[in-house]
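>>> Quick one, what's the 3D model for this:
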Amino acid sequence: MRISKLAAVVVIAAAVSACTTSGEKGNPTPAPSTGTSNSDSGSKLPDRPQALKLDSVDTCKLLTTEQRKQIDVVSADPVQLDLVDGKKSPSCDYSSDGGFGYQVGAVTHNGVSYWLQSGGNVDSKVIKVGDYGAVQVQLKGGSGFDCSVAVDVADGQQLMVSYIPTTTKEKDQSVLCGKAEKAAGLALSTLKTLK
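A predicted model of the protein is given here:
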């Protein structure tokens, strides 16, 4: 049942994100940086310490048992999700018993600069996750719906982590984004051990 609720939220998110103010149909598109940033670089990504390729990574192994306890998730199920630019990416749905879930995706066909391009229906800003540059992404006007963090792990690749409240009434966007950022940091630390 938990998986079906999360899947329903993902379908709703995809449907909402496919709508733009110009009436175009399609996938979420990047928006210009808001200029707000948790780093001093504004909308410029900091240099990454090293490349961490995602090509053969099992996304359901990016959160260890101990890390799952830290963010209160109880199950992990592999899925293929359309996260960026209309192409499926290997991903994992991490579900909880508490009305929320996380998605961790290995996007190997488009880097985080995708989210910093002009136009679109998302707000984005440059942040840092651990020692890597990242982009926080959320739907315009979508406060309390979800938050995603895309970590710049390699040229043309991004580790994308989303926090999705499925039944909880969380409305504070900074809380949602904080949870996505924490999970992204945990997944990034595991990814570093796999390379």
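
>>> tell me which residues in stretch 175-183 are buried?
176-177, 179-183 (16 or more other C-beta atoms under 10 Å). C-beta here means a position set from N, CA and C on the backbone, and glycine is covered the same way.

>>> now, which of the residues you listed sits nearest Cys92?
Distance to Cys92, by C-beta to C-beta, is smallest for Ala183 among the buried residues of stretch 175-183, at 11.2 Å.

>>> any idea which helix or strand comes after the lowest-mean-pLDDT helix or strand in the chain?
Sorting the helices and strands of the chain by mean pLDDT, DSSP states H and E puts helix 2-17 at the bottom, at a mean of 37. Of the helices and strands lying after helix 2-17 in sequence (DSSP states H and E), the nearest is helix 65-70.

>>> which regions of the protein sit below the pLDDT cut-off?
Counting by pLDDT under 70, the ranges of the chain that qualify are 1-42, 118-119, 142, 168, 195.

>>> In this structure, which helix is the longest?
helix 173-194 (DSSP state H).

>>> Check which helices and strands that helix sits against.
On a contact count with 3 or more C-beta pairs under 8 Å, 6 or more residues apart in numbering; DSSP states H and E, helix 173-194 meets helix 65-70, strand 100-107, strand 122-129, strand 132-139, strand 147-154, strand 157-165.

>>> Quick check: buried residues in the shortest one?
Which is helix 65-70. 67-68.

>>> The following helix or strand past that helix pairs with which strands?
Using DSSP H and E, the helix or strand that directly follows helix 65-70 along the chain is strand 75-84. Take DSSP bridges as the rule and strand 75-84 pairs in its sheet with strand 87-95 (antiparallel).

>>> Now tell me what touches the strand it pairs with from outside.
Residues from elsewhere that reach strand 87-95 (C-beta atoms under 8 Å, 6 or more residues apart in numbering): 2-3, 6-7, 57-60, 62-63, 68, 71, 73-83, 101-110, 160, 183.

>>> Mind putting the helices and strands packed on helix 173-194 into CSV with distance to Lys87?
Below are the helices and strands packed on helix 173-194 laid out as CSV (distance: least, C-beta to C-beta, whole Å):
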stretch, distance to Lys87
helix 65-70, 27
strand 100-107, 8
strand 122-129, 17
strand 132-139, 17
strand 147-154, 15
strand 157-165, 12
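
>>> For Ala51, find the nearest of the ones you listed.
Of all those, it is strand 147-154 that lies closest to Ala51, at 4.2 Å by C-beta to C-beta.

>>> So what are the sheet partners of the closest one and their directions?
Going by DSSP bridges, the partners of strand 147-154 are strand 132-139 (antiparallel), strand 157-165 (antiparallel).

>>> Mind putting the ones you listed into CSV with mean neighbour count and distance to Tyr114?
Formatted as CSV, the strands paired with strand 147-154 follow (neighbours: other C-beta atoms under 10 Å; distance: least, C-beta to C-beta, whole Å):
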stretch, mean neighbour count, distance to Tyr114
strand 132-139, 25, 9
strand 157-165, 26, 8
